[in-house]
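Asker: Here is my input, please return the structure:
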Amino acid sequence: MKIAMLLFDKVTQLDFTGPQEVLGRLPGAEVAIVAKTRDPIVSETKLAMLPTATFADVAQADLLFVPGGFGQIAATADEETRAWVTHIAKSAKWITSACTGSLLLGACGLLHGYRAATHWAYMDLLPLVGALPTDQRVVVDRNRITSGGVTAGIDLALQVVIETAGRAVAEAIALNLEYDPQPAHPGHPRSADAGLVAGIRERLEQRHAERRNQLLALTDC
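Answerer: Reported below is the predicted structural model:
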């Protein structure tokens, strides 16, 4: 299976590295870490990562993966990035994303009429791209697989393994990674303190507005 994983500046690194750690262990997988150039990509928290391929190098993939993060706004605004995502999606068997990567997919018309998830703070933006917001950690709708924010990308990648190689392979990968989450603190508005949720929403208000205005302006990709 040829897997193309998009990378861009100011990505949320765990959106990318969590799924990459899982998908890189999928038997027979050929994983390309794809960016506009081979220059180092610096994440939102200043982790540097090296692409292994450029848009020009990768014209086809069986699975497309798009991460999120603050840099998703600039990536969505970039015509070359949108054109590459749209092109790869035409022949991909699976189109996937973590966190706000679904907003980039949606801006390219790839989630219209599909159930989808994104980070909880931006779920209300999914209808702007024709998607059906679904408050689940991982959402599978036909060949689209999307997830909630950041850490949910690991669950998304394990679901990809289940869909493509079977549950036994996914369980073996999870065991090898000792993926046995036991969170000490609630990580979703449904279980978190209401005041804490309100504070996070306030901190994300500017990004929310940027994303909303961008999606309203992008009627075509």
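Asker: On the pLDDT front, check K36 for me.
Answerer: Residue-level confidence at K36 comes out at 97, pLDDT.
Asker: For Q136, see how far away it is.
Answerer: Noted for K36: a distance of 32 Å to Q136, by C-beta to C-beta, to the nearest Å. For glycine as for every other residue, the C-beta is placed from the backbone atoms N, C-alpha and C.
Asker: higher neighbour count, those two?
Answerer: Comparing K36 with Q136 by neighbour count (other C-beta atoms under 10 Å), the higher total belongs to K36, at 19 against 15.
Asker: Wait, the more buried one touches A53, no?
Answerer: No. Taking C-beta atoms under 8 Å as the definition, K36 is not a contact partner of A53, at 10.7 Å.
Asker: Quick one: mean pLDDT over whichever strand or helix holds I162.
Answerer: I162 belongs to helix 152-165 when elements are defined using DSSP states H and E. Here the mean pLDDT over helix 152-165 is 98, rounded to a whole number.
Asker: Dig out what the nearest residue to P127 once chain neighbours are set aside forms beta bridges with.
Answerer: Sequence neighbours aside, P133 is the residue nearest to P127 in space, at 6.6 Å (criterion: C-beta to C-beta, 6 or more residues apart in numbering). Note on P133: beta-bridge partners A116, judged by DSSP bridges.
Asker: re the thing from before, could you list every helix and strand in contact with the following helix or strand past the helix holding I162?
Answerer: Moving toward the C-terminus from helix 152-165, the next helix or strand (DSSP H and E) is helix 167-176. For helix 167-176, the elements it packs on are helix 152-165, judged by 3 or more C-beta pairs under 8 Å, 6 or more residues apart in numbering; DSSP states H and E.
Asker: Just the buried residues of the helix it packs on, please?
Answerer: Within helix 152-165, the residues that qualify as buried by neighbour count (16 or more other C-beta atoms under 10 Å) are 152-165.
Asker: where do the helices sit along this structure?
Answerer: For the chain, applying DSSP state H gives helices covering 13-23, 72-77, 79-91, 101-107, 152-165, 167-176, 194-203, 205-217.
Asker: Go through these and pick out the most buried.
Answerer: The highest average neighbour count among the helices of the chain, using mean count of other C-beta atoms under 10 Å, belongs to helix 101-107 at a mean of 30.
Asker: From the contact counts, what lies against that one?
Answerer: For helix 101-107, the elements it packs on are strand 63-66, helix 72-77, helix 79-91, strand 94-97, strand 115-116, strand 144-147, helix 205-217, judged by 3+ C-beta pairs under 8 Å, 6+ apart.
Asker: okay if I get these as TSV plus distance to K2 and mean pLDDT?
Answerer: Shown next, in TSV, are the helices and strands packed on helix 101-107 (distance: least, C-beta to C-beta, whole Å; pLDDT from 0 to 100):
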stretch	distance to K2	mean pLDDT
strand 63-66	7	98
helix 72-77	21	98
helix 79-91	10	98
strand 94-97	11	98
strand 115-116	23	98
strand 144-147	17	98
helix 205-217	29	96
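Asker: distance of G106 from L128?
Answerer: 8 Å.
Asker: Give the residues shared as contacts by these two.
Answerer: Both G106 and L128 are in contact with L215, where contact means C-beta atoms under 8 Å, 6 or more residues apart in numbering.
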